[in-house]
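Student: please find the sequence and the predicted model below.
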Amino acid sequence: MKPGADGLGNDGLEDGELVARVVMGETELFAFLVRRHQRAVYGLGMGFYRNADDAADFVQDVFLKAFRSLGTFQGRARFSTWLYRIAYNAAINGTKRRKEYRSLAEDAEIPDFDGPERLTLRSLAAAAVVEAIADLPDRFRICVELFFFYDLSYPEIETVTGYPVNTIKSHVFRAKKLLREKLRDEAEGGFE
């Protein structure tokens, strides 16, 4: 049996006991949970992102979310089940957001050819998206940045901004519409 597969490790503490102690203030013990479960979370990340760098970033994001939410772990399921649910939701949301972000960049209608020219055009398109986001009204920009770049859910954005969830959804929808229009205009005028 692999170390950690039964919830025990070299430290001799079960996951549930580690969680309880971390919540009580012994935050350094969270490292044991990370060591036990990072390989499985990384595997899930590779399944979704198919890229080692993105999967490694995913692992960090998942464990950060887990650490922040540790006080909500009630022990009804195993810690690993709870953690993998967080990971799965993060992967689903992350891939959806990446597709939406890529579709914004692709609205620049990049010609279909390979080589350094295409890479340069993609880079210009990504820069145009970042610039277009910076030009959004603040209330739209902050919602879009928190949603796409910081992977926050609508309720989390509500906590950060104080905007109601429906307002946040509206801001993100309107921002995406404005971004598409701006990028379309730039594509017609060419990148300078």
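Tutor: Yes, it's here. Numbering: from 1, shown residues only.
Student: next up, the contacts around the residue nearest the centre of the chain.
Tutor: Residue closest to the average C-alpha location in the chain (CA atoms, centre = their mean): residue 151, at 3.9 Å. Neighbour list for residue 151: 61, 90, 93-94, 97 [criterion: CB atoms under 8 Å, 6 or more residues apart in numbering]. The way it works is simple: take the backbone N, C-alpha and C, and place the C-beta from them, glycine included.
Student: where in this protein is pLDDT low?
Tutor: 1-11, 95-119, 121-122, 150, 187, 189-192 (pLDDT under 70).
Student: let's see that with 80 instead.
Tutor: 1-12, 47-50, 77, 88, 92-130, 145-146, 149-152, 156, 159-160, 185-192 (pLDDT under 80).
Student: how does it divide up, domain by domain?
Tutor: Domain assignment for the chain by automatic domain parsing gives 1-94, 107-192.
Student: which ones are touching residue 86?
Tutor: Residue 86 neighbours (CB under 8 Å, 6+ apart): 62, 65-66, 69.
Student: if we use 6 Å, what do you get?
Tutor: 62, 65-66 (CB atoms under 6 Å, 6 or more residues apart in numbering).
Student: which one (most neighbours) among the residues you listed?
Tutor: Highest neighbour count within those: residue 62, with 26 neighbours (other CB atoms under 10 Å).
Student: can you give me the helices in the chain?
Tutor: Along the chain, the segments classed as helices by DSSP state H run 15-23, 30-49, 52-69, 79-106, 116-134, 138-144, 154-161, 165-189.
Student: how about residue 154, nearest residue that isn't a chain neighbour?
Tutor: residue 165 (4.6 Å; CB to CB, 6 or more residues apart in numbering).
Student: generate a ChimeraX selection restricted to the buried entries among the contacts of residue 151.
Tutor: Buried subset of the contacts of residue 151, written as a ChimeraX selection, criterion 16 or more other CB atoms under 10 Å:
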select :61,90,94
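Student: any idea how far stretch 66-76 is from the chain center?
Tutor: 19 Å (CA atoms, centre = their mean, to the nearest Å).
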